[in-house]
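Just to be clear, the model below is a prediction. Sequence and coordinates:
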Amino acid sequence: MSVKKSKAIELPEVNFSEHGDSRYLHLGTPWIQGAMNLKEPFELELEYVQRM
């Protein structure tokens, strides 16, 4: 009996950018995946996250 090797999962490159008081998370694209206000890091910055 042979064991199949699992194929390694390729994860996207993680990048951050900043504009003013906000820091943004990018996962392999220029599209924003997450955001935080540097002065209020525990507050939700993006409306779609607030609705979850």
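That came through fine. Residues are numbered from 1 along each chain as shown.

buried sites along stretch 16-24?
By neighbour count on 16 or more other C-beta atoms under 10 Å, the buried set for stretch 16-24 is 23-24. Heads up, the C-betas are built off the backbone N, CA and C, glycines and all.

Endpoint to endpoint, that stretch covers what distance?
5 Å (C-alpha to C-alpha, to the nearest Å).

Can you tell me which helices and strands the worst-scoring helix or strand of the chain on mean pLDDT packs against?
The helix or strand of the chain with the poorest confidence is helix 47-50; it has a mean of 78 (mean pLDDT, DSSP states H and E). Judged by 3 or more C-beta pairs under 8 Å, 6 or more residues apart in numbering; DSSP states H and E, helix 47-50 is in contact with no other helix or strand.

State the pLDDT value of the closest residue in space to L38 that isn't next to it in sequence.
Among residues not flanking L38 along the chain, D21 sits closest, at 5.0 Å (C-beta to C-beta, 6 or more residues apart in numbering). Per-residue pLDDT puts D21 at 97.

Also the one 10 residues further on?
The pLDDT attached to W31 in the predicted structure is 96.

Noted, bye for now.
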